[in-house]
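S.K.: Sequence first, predicted coordinates after that:
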Amino acid sequence: MAISKKERQVIENVLDRLKGNGNAAPSVKEALTGDCGVYLSTWIIPALEILIGEGHRDLDLAVSLTGKG
């Protein structure tokens with residue numbers, strides 16, 4: 001099943017926020033540099049990036065990163 005253009009945009013917007021891009025509040029950016037940021041950049045962000053990846057998407061890998069596979 002292909003991901004729609006709107007679904008892709010939503011996930012891309014979420015990724016930007018999780019990465020602290022844009023006009024996030026200083027407290028949010030600070031939180032993203034600590035343990036929370038490590039967790040997000042290790043488990044959450046990669047799974048979302050795989051989900052919207054171009055070409056071959058390894059959905060099994062994305063699921064396994066979420067710990068529910």
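M.R.: It's in.
S.K.: from here on, contacts and neighbour counts on C-alpha atoms
M.R.: OK.
S.K.: host element of the nearest residue to residue 31 once chain neighbours are set aside?
M.R.: Nearest in space to residue 31, with sequence neighbours left out and distances taken as CA to CA, 6 or more residues apart in numbering, is residue 37 at 6.8 Å. Assigned by DSSP states H and E, residue 37 belongs to helix 35-39.
S.K.: avg pLDDT for the next helix or strand after that helix?
M.R.: Scanning forward in sequence from helix 35-39 by DSSP H and E, the next helix or strand is helix 45-51. Mean pLDDT, helix 45-51: 89.
S.K.: The residue nearest to residue 31 reaches residue 28, doesn't it?
M.R.: No: checked against CA atoms under 8 Å, the pair residue 37 and residue 28 is beyond contact range at 10.1 Å.
S.K.: Residue ranges in the chain under the pLDDT threshold?
M.R.: 1, 54-56, 68-69 (pLDDT under 70).
S.K.: At which residues are the helices of it located?
M.R.: When secondary structure is read from DSSP state H, the chain shows helices at 5-18, 26-31, 35-39, 45-51, 59-65.
S.K.: CA atoms of the second one as CSV?
M.R.: Put plainly, it is helix 26-31. The C-alpha atoms that make up helix 26-31 are tabulated as CSV, following Å, rounded to 0.1, in the frame of the first residue of the first chain:
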residue,chain,number,x,y,z
PRO,A,26,14.0,26.7,23.6
SER,A,27,12.8,24.3,26.3
VAL,A,28,11.7,21.9,23.5
LYS,A,29,15.0,22.1,21.8
GLU,A,30,16.8,21.6,25.1
ALA,A,31,14.7,18.5,25.8
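S.K.: Give me the buried positions along that helix.
M.R.: Neighbour counts over helix 26-31 (16 or more other CA atoms under 10 Å) mark residue 29 as buried.
S.K.: And that helix, how far out from the chain middle?
M.R.: How far helix 26-31 lies from its chain's middle: 17 Å, per CA atoms, centre = their mean, to the nearest Å.
S.K.: Please name the nearest non-neighbouring residue to residue 29.
M.R.: Excluding the flanking residues, the one nearest residue 29 by CA to CA, 6+ apart is residue 20, at 5.4 Å.
S.K.: distance of the one you found from residue 10?
M.R.: Here residue 20 is placed at a distance of 16 Å from residue 10 (CA to CA, to the nearest Å).
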